[in-house]
Every structure is written in C-alpha cells, then in structure tokens.
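Engineer: 3D model of this:
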Amino acid sequence: FDPLLIESKTAATVVLMLGSPEEEVLAKACDALYKFASKGDENKVTLLGLGAVEHLYKLLSHEDPIVRRNAIMVFGIMASNHDVKKLLRELDVTNSLLSQLAPEEDVVIHEFATLCLAHMAVEYTTKVQIFEQGGLEPLIRLLGSPDPDVQKNSVECIYLLVQDFQSRAAVRELNVIPPLLELLKSEYPVIQLLALKTLEVISKDRETRIILGENKGLDCLLKILETDEFSDLHVEALAVLGNCLEDVHTLQLIQQTGGLKKLLSFVRVSTVPDIQENAAKAITKAAYDSENRKILNEEEVEKCLINLLGTDNDGVKVAASQAISAMCENLASKRAFGLQGIPQLVQLLSSDNEEVKEAAVTALANLTAASPSNASAVAEAEGIEPLVNTLNAQRDGAIANAATVLTNLAVQEPFRVNIQSCGIMSALAEPLRSTNSQVQSKAAFAVAAFGCDADARTELRNAGGLGPLVELLHSKNKEVRRNVCWAVMVCASDELTAIELCRLGALDILEEINLSPGLKNNFSEAALEKLLDNNLSQKYSQMGYLSSSNIITDGFYDCGQIKPGVKFSSLEELSMQELTDRRAIIFINAKPREEENWNLLCDLNSSVVSPMEEKQELSGQQSSLSKSREKGLRYYTLNYMCISLKGKGKKEEDKMKEVTQIISRVQDEINLENLHWIPPPDFILLDYINDASKTILPLTTTREQVVALAQFVAGKMGGPIERDKLHDFSWELHISEIEFELKCNVVPIGKVKKGTFYHRALLFKVIADRIGIGCSLVRGEYNRAWNEVKLVDDSPQGIAGLLLPPQEYIVDLMFEPGFLMKQGSAEADQYKCI
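Structural biologist: This next block holds a predicted model:
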C-alpha cells in the first residue's frame, strides 16, 4: 500500500487515529493531542468527550516506547482536569502509571507519570491506591532523579500522600529524610519549598524528628534561616523547626550548638509577619513540655514574645498571646510576663479583631491564675473595665476566659469592689444564657465569686440573671452543674434572693439533683440547705428540723410534714383553700402592720376609748372576719375614733387633724394590700413575747430562762398534762373550733389555748428566738415535736472554775414543764415517743 499523507484539522479525527495499528500514526496522534490539550482546560474537556482517555489508557502498555511515552504525556497534561481525574480513577490507572516508574524507563515517562500521579493524589481514594500498590518506594527513589521536573513531581506527590498517617510511617521506614534534605540544596525554589512542606508534615511524628536530627537536618534548617536569599523559605523552615522543638532532647541540642539563640535573634529582627507568626507557633509547641519551658526561659524567650505583641499584624498577636499562655505554666516566665506583658495584653482586649481579643484574654486568664501579683498588674493596667466589656464578646472562648480573669481578681477585696462597680453581675446575665458549657461554667463560677456581696446579688436579681442560673441546674455537664450549685448557694445568702430562687424552681430542681447519686454534689446539698435556711417554713416542712441558728420570723408557718416531690404551697395559697378536716396550718406574725399608727392613735384617743379594750376588740373582730372585711377593719376603727373626737375642744380638733393624716396613711396601705396579700397580725403572740421579755430575760442563767420559758409556754397552751390522761386532752376539738370560727385552715398560734407537743414546741422556739435563747425545733412522729437546748453543767464538786462542754437537753413542755432531759436518756426517748 502506498504511503498516504493526511492533514487533519479536527481533534475528533486524531482521536480516531488512536485506534490505528501503526506505531508512527499512534505516536504522531498522541503528540498532536498533547499539544492540543496543553492549550487549555476547554480542550481537555473536548478530548474527554471524544473518548480520548479510554484510547490513551490502552496505549499505556504499548510495546513501542515512543507511543507509550507520548500517551503518558497526554495523560499527565490532562489529569489536571477534575472530570478527567474522575474517569482515571474509574479506569484504575494508578497501577499502570506506577509501572512506568521503573528505573529503566525514559526520564520523560518518569516526568509525566509522576505529574499524573501528583494530580490524582489530591483525592483520598487515589492516595489509598498508591499506598496499597507500593507507589511510595519508586517515588522516593525518583527524588534522586537528575531531572528537576521528576524531582518536583515526585516530592509533590509524596507531600500529598504523607497527609495520611499510614504514609508518614511508611516513608520513614523507606528512609525518605536523606533525599528530602538533599532537595533543600536544589537550585529550584519550588523543589525546596515542597521538600520543606513534606518535612513539616512528617516531622509531626517523634520518630521522624529523631531521624531528622541524626541526619543533621536541624543544621540545614538553621542555615536556611541564616541565608537572606532563602527568605521565601524561612516560613516553612520555621514550621519544621517548630515541630522539632517539641522534643526536649532536640531543644537541648539546638541550645548547646547556639542554634536556639540564633533562632530567637532571627525572630526579633524579622519584620515578616508570617515568620513572626510561625516562630510564635513554634514556641507554643515547644512550651507544652515543662523541661522545654525551662530551656526557653533560660534563653529569655519572654522578651521575644512581648516584642511580638507590639506588631501591627493580628495573626502575630494571636500567635504570641497563645505562646504566652503556654509559657506561663513556668513560674519564672509568669513573673516575667507580669512585669512587662500584661499592659500590652490588656490593650489587646480593645481590639476589633475577636480572635485577638480571645487570645489576649486567654493569656491573662493563665497569667492571673494563682498569682496575686499578676492580678494586681491587670488592675493597675486599667484592665477591669475592658474585661467586663469582654463578657459581651462574640467568641465563647473570650467570654469564658474574661469571666475567669475577673474571678481571679475577685480574690482580692479592693479589686472585687472595683469590678462590682463596673456592673459585673449585669454583664454575667447574658453569658449565663449561653449554650456553650465552658461559658456556662465560668460564668456561674464568677457569680459564686461575686455573689458574696449583697449589692451584687441585688444587681443580678434586677438584671434577670437568676432565671438562667436556675435553668443551668438542669445541665448534664458535671462542672457546670457543680458551679451553678455553688453560685445558688452563695446567692441564697439573703432572703429576697432566696425567695426569688425558690419562685424560679431552684428548690425543686435541687431536690431532684440530690435524689440522684449521679447528679448530686457537695454544693447541691449545701445550696438546698442554704435556700431552706431562708425559707424556714419549707425547711421545717421537708426536713422536720430547725437549728438554733434558724431564727423563726414573722410569716413562718407550719403546715406539717410533706412528702418528697409534693408541691409546697405558700401561706396565701393555703389561706384561700376551703375549710377541710386536715391538720391546721399554724402561722406566726407577731408584728402588726400599723403598730406605730396604732400606738399613736391610742395615745390620741386615750380620753375616748381604752387602748387595751380597742385592741382586744380588734383582735376578736379580726378572728371572725373574712379577708375582704379584715382589710378594712383598721380603717373602720380609725374613722370611729375620728367620730369620737368630734364636738370636743380645740385641743381635740388638733388631735383630729393628726388622726386624719394617719387615716390617709392607713388607706394607702389598704390599697397596697389589694396588690399583695399580707397575713393578719397575731396580737396575742405579741403579748406573749412582751411578757416573756419582761419576766424571763432578767433571770441570771440560761438554764433558769429555759425552765421559766417552758413553764410559760405550757401555761399558755393548757398547762401540764398527766401522762395517763394525755388521750383525754381534747386539743383536736379545740383547733377545729378555731378553724370553724375563722372559716379558714390557717390559725395564728396565739389563738391556740390547748396545744399539744408540736404547738408548744413551736411557740417555745418562736419566743426563745425573740428573747435570745438558743434552741432547735425537731419534728417527730404522731404529732410529736420537741426543743433541744445546749446548757453548761455546773463544775463538779471540789473542782472550781472547770469549764465543761455543753450538754444537750430535751425540754419537757407537756408533762412536767421545765424538766430538762438529757439527750439520749430513757425519759428523753420516751418523751419523743421513740
């Protein structure tokens, strides 16, 4: 057949020629397609659509080396396209490409085969295929190729492969370090750069760092840093060194050879932000080890980092702040930073960059931990206000660490007062609503630190911070729950805050927590007790015990023992319930609402009506009036007094004006009562307290006072009862009659004239608290209750001046009023019905 010369102008025709059996046609067709594909990505897509990839794949195993070479060239140039790479993976070309890396193959084949592999190794699946098919060994061998393109493609492919930890371990075993270090001497910067990037990745493994040191790799890296013409490699060289500095042995080696001093000097004089940032990151990595921190401190690394804080680059400031955070684990470094670095870190709190702000406040948190001097330095640098403002930052880390710094400062009283004046509690209200557990924990801890001040608790209450604080009691995070319980315990120190916490459900949640062994903690138990200490009615109802420090005040009521999980009702709710046959609620209120007005009116009206008669009349009327009528009772009485004064002389007219003024004040109070229910006063109880103060307080010893008070209480509650006639003491009928008279289940204790154990014990405790006798109140079973007092016995005969420890006694209020029974004795147990 005579030779036929064909001139083709379309890629489709040339692709068809790839099916020719003639080597020369195939070689020329591949060469033409290579030139066509090199012109742009659009042409590669065209060839893909024409089916060129499938034809070229068959030619990878062609016997003719020129055909094979030209086909691989087309593959190498087309593999940069995403769709082509996808098809190559489907065709599983990696094995064919790796077979072209044999030493006897042409350099051009090596170049384009490694180029194709480098393009494909971006995908994870291809990395796995190359690793499993043994591709690392030929690639590492080709690092020593005389052709720079082969070197570049091979090291790039290795760099992509070692992103996977399996490949990192494999290249170490294949001794990749020496050829990589040789590439650092290349005259081509791109090869040097890829070699350094590969070293950076593989030097993350400690075993590789050891091999790198054994091959004098550290010297090579330091030489790069010392050479100005390699300035474009300094960043990557520092990154490799940063990994190496993690090892104590390596750091000591660099220090002994003077390399560490050179490195820090290089960082100080450099003005390149990337170099400064990478140097700070290298120090951070090294500083995670305590021995490394000592070495770095010896080389005065603190000065270098403080210098970096003053740069104009935010990335450098972040890296330097992070390095300071790591270094201040060393006490010497912490002191050094406190003297010079804290003012600069405080300035960074005002940065517009949130990452800078977070890094700076994190450094301050570490610097002020267990360091009063550094805390003082923060305050002296006027850092309190910026720290409070940082609680409103956008990043959770900044908020959490700002709360930590403020908590560290709060240890010192002057700083705590200063911080409180900046509105710390209002600022903490929002972090308490955060969904980040770290922020929640640190914010709650800060509340616990500042909540010891009454004004701070008021501020938190007014800022609405108690609600989110109580909600955090539900947290599943152990640390958050612990700190929140601590905060609740501190905040419950005053009655108003404790009442608000109870209203928000803190008491119920704490009870649930303490019932669960997995949720409760020491602070949850303490918080519950503290809340109950400010809500004695509920404490006595749930726990059946009030200590001598639990002082019963007006508003207390005893509704009996309630079971766990049962809602505790307020006195107002109980008073609105219909009359039932259940146990009466006994309440305490010995302070009349208009006591001052009443006394004044009695003085004014002494010539018209006897104050005592009026007072008794009022007491009797109140007991039979409904709530709506009792609110107008005093107003009615005052008007009655006005009428009585009419028609008298001028002196009486002056009194009339005073009475009119008081009527106006009482009318205002009546209007106020319409908004907030207040229990009626118990004048009889008030008389009991006044009488006890006059007759019992003058007694010289506590023992005499206790005995006299017991007899006084028993006298007001039906007198002593014989043991064998206790069942005839019809106190239940008496209480029912009072309830029926009042049309209410709530009974003032002064109305009770026939009281059993628990009535007498409660009255004893109430009066004892008012006149300063320490005693506890304990609820027993079967309507029993008793009081415990601690008394010091007299010195044994013949031993004068010996101070004995106090003994605990049970006070008999029923059978032999005033008889004191030692705790644990048979008569005491019998009295308690044990």
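
Engineer: tell me how many other residues surround P148.
Structural biologist: Number of residues near P148 (other CB atoms under 10 Å) recorded here: 15. Just so you know, the C-beta spots here come from the backbone N, C-alpha and C atoms, and that holds for glycine as well.

Engineer: I'd like to know how far the residue lying closest to it once chain neighbours are set aside sits from D149.
Structural biologist: Nearest-residue entry for P148: Y188, 5.4 Å, with adjacent residues in sequence omitted and distances by CB to CB, 6 or more residues apart in numbering. Counting by CB to CB, to the nearest Å, the gap from Y188 to D149 is 9 Å.

Engineer: repeat for L245
Structural biologist: As judged by CB to CB, L245 and D149 stand 34 Å apart.

Engineer: those two: which is more packed in?
Structural biologist: Ranked by neighbour count (other CB under 10 Å), L245 and D149 place L245 first, with 26 against 17.

Engineer: that one: what's it in contact with?
Structural biologist: Each residue near L245 by CB atoms under 8 Å, 6 or more residues apart in numbering is listed here: 251, 254, 282-283, 285-286, 292.

Engineer: where does the prediction get shaky in the stretch 701-834 of the chain?
Structural biologist: For the stretch 701-834 of the chain, the stretches with pLDDT under 70 are 794-802, 834.

Engineer: that one: strands as residue ranges?
Structural biologist: 746-748, 776-779, 785-791, 807-811, 820-822 (DSSP state E, counting those that start in this stretch).

Engineer: let's have those strands in JSON lines, adding distance to S321.
Structural biologist: Shown next, in JSON lines, are the strands of the stretch 701-834 of the chain (distance: least, CB to CB, whole Å):
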{"stretch": "strand 746-748", "distance to S321": "63"}
{"stretch": "strand 776-779", "distance to S321": "56"}
{"stretch": "strand 785-791", "distance to S321": "58"}
{"stretch": "strand 807-811", "distance to S321": "60"}
{"stretch": "strand 820-822", "distance to S321": "67"}
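
Engineer: which stretch among these comes nearest K39?
Structural biologist: K39 lies closest to strand 776-779 among the strands of the stretch 701-834 of the chain, at 96.9 Å (CB to CB).

Engineer: chain center to the closest one, what's the gap?
Structural biologist: Distance of strand 776-779 from the chain centroid (CA atoms, centre = their mean, to the nearest Å) equals 39 Å.

Engineer: remind me what it packs against, helices and strands.
Structural biologist: strand 545-546, helix 757-771, strand 785-791 (3 or more CB pairs under 8 Å, 6 or more residues apart in numbering; DSSP states H and E).

Engineer: recalculate using a threshold of 10 Å.
Structural biologist: helix 536-543, strand 545-546, helix 757-771, strand 785-791 (3 or more CB pairs under 10 Å, 6 or more residues apart in numbering; DSSP states H and E).

Engineer: what helix or strand is the closest residue to S145 other than its chain neighbours on?
Structural biologist: Closest residue in space to S145, ignoring its immediate chain neighbours: Q151 at 5.6 Å, by CB to CB, 6+ apart. According to DSSP states H and E, Q151 maps onto helix 148-161.

Engineer: mean confidence score for that helix?
Structural biologist: Mean pLDDT, helix 148-161: 97.

Engineer: how far does that helix sit from its chain's centre?
Structural biologist: From the chain centre to the centre of helix 148-161 is a distance of 48 Å (CA atoms, centre = their mean).

Engineer: equivalent analysis for stretch 530-541, please.
Structural biologist: So, by CA atoms, centre = their mean, the centroid of stretch 530-541 is 28 Å from its chain's centroid.

Engineer: and if you look at stretch 759-766?
Structural biologist: Mean C-alpha position of stretch 759-766 versus that of the full chain (CA atoms, centre = their mean) differs by 45 Å.

Engineer: what does stretch 399-413 give?
Structural biologist: 13 Å.

Engineer: outline the domain layout of the protein.
Structural biologist: 1-91, 94-106+122-215, 423-534, 571-591+680-833 (the TED database).

Engineer: which of the residues in whichever strand or helix holds D508 are buried?
Structural biologist: In the assignment (DSSP H and E), D508 maps to helix 506-515. Judged by neighbour count (16 or more other CB atoms under 10 Å), helix 506-515 contains these buried residues: 506-507, 509-510, 512-514.

Engineer: so which elements touch that helix?
Structural biologist: helix 466-471, helix 478-491, helix 495-503, helix 522-533, helix 536-543.

Engineer: go through the last one and flag the buried ones.
Structural biologist: Pointing back at helix 536-543 there. Neighbour counts over helix 536-543 (16+ other CB under 10 Å) mark 536-542 as buried.

Engineer: check stretch 720-731 too.
Structural biologist: Across stretch 720-731, burial judged by 16+ other CB under 10 Å covers 721, 729, 731.

Engineer: nearest to P178, of these?
Structural biologist: Nearest member of these to P178, counting by CB to CB, is W731, at 101.5 Å.

Engineer: I'd guessed the closest one sits against R583; true?
Structural biologist: No. Using CB atoms under 10 Å, W731 is not in contact with R583; the gap is 11.8 Å.

Engineer: what's in contact with stretch 141-149?
Structural biologist: Residues from elsewhere that reach stretch 141-149 (CB atoms under 10 Å, 6 or more residues apart in numbering): 101-103, 107-108, 110-115, 150-155, 157-158, 174, 176, 178-180, 182-183, 186-188, 190-191, 195, 198.

Engineer: now list the buried members of those.
Structural biologist: If we count by 16+ other CB under 10 Å, the contacts of stretch 141-149 have these buried: 101, 108, 110-115, 150-155, 157-158, 176, 179-180, 183, 186, 191, 195, 198.

Engineer: related to what we said a few turns ago, show me what the helix or strand that comes right after the helix holding Q151 is in contact with.
Structural biologist: Counting by DSSP H and E, the next helix or strand C-terminal to helix 148-161 is helix 165-173. Residues from elsewhere that reach helix 165-173, judged by CB under 10 Å, 6+ apart: 121, 127-128, 130-132, 134-137, 139-140, 158, 160-162, 164, 176-177, 180, 198, 201-205, 207-208, 210-212.

Engineer: chain center to the helix or strand following helix 165-173: distance?
Structural biologist: Downstream of helix 165-173, the next assigned helix or strand under DSSP H and E is helix 177-183. Relative to the centre of its chain, helix 177-183 is centred 49 Å away, using CA atoms, centre = their mean.

Engineer: check stretch 111-128 too.
Structural biologist: 47 Å.

Engineer: so which strand or helix has K85?
Structural biologist: Here K85 is assigned to helix 82-91, by DSSP H and E.

Engineer: what is the next helix-or-strand element following that helix packed up against?
Structural biologist: Moving toward the C-terminus from helix 82-91, the next helix or strand (DSSP H and E) is helix 94-99. Counting contacts by 3+ CB pairs under 10 Å, 6+ apart, helix 94-99 is packed against helix 65-78, helix 82-91, helix 107-120, helix 124-132, helix 136-141.

Engineer: what do you get if the cut-off is 7 Å, keeping everything else the same?
Structural biologist: Other elements packing on helix 94-99 under the criterion 3 or more CB pairs under 7 Å, 6 or more residues apart in numbering; DSSP states H and E are helix 107-120, helix 124-132.

Engineer: okay, angle between the shortest one and helix 82-91 too, please.
Structural biologist: Inter-element angle recorded for helix 124-132 and helix 82-91: 50 degrees (by axes from the mean of the first three to the mean of the last three CA atoms, to 10 degrees).
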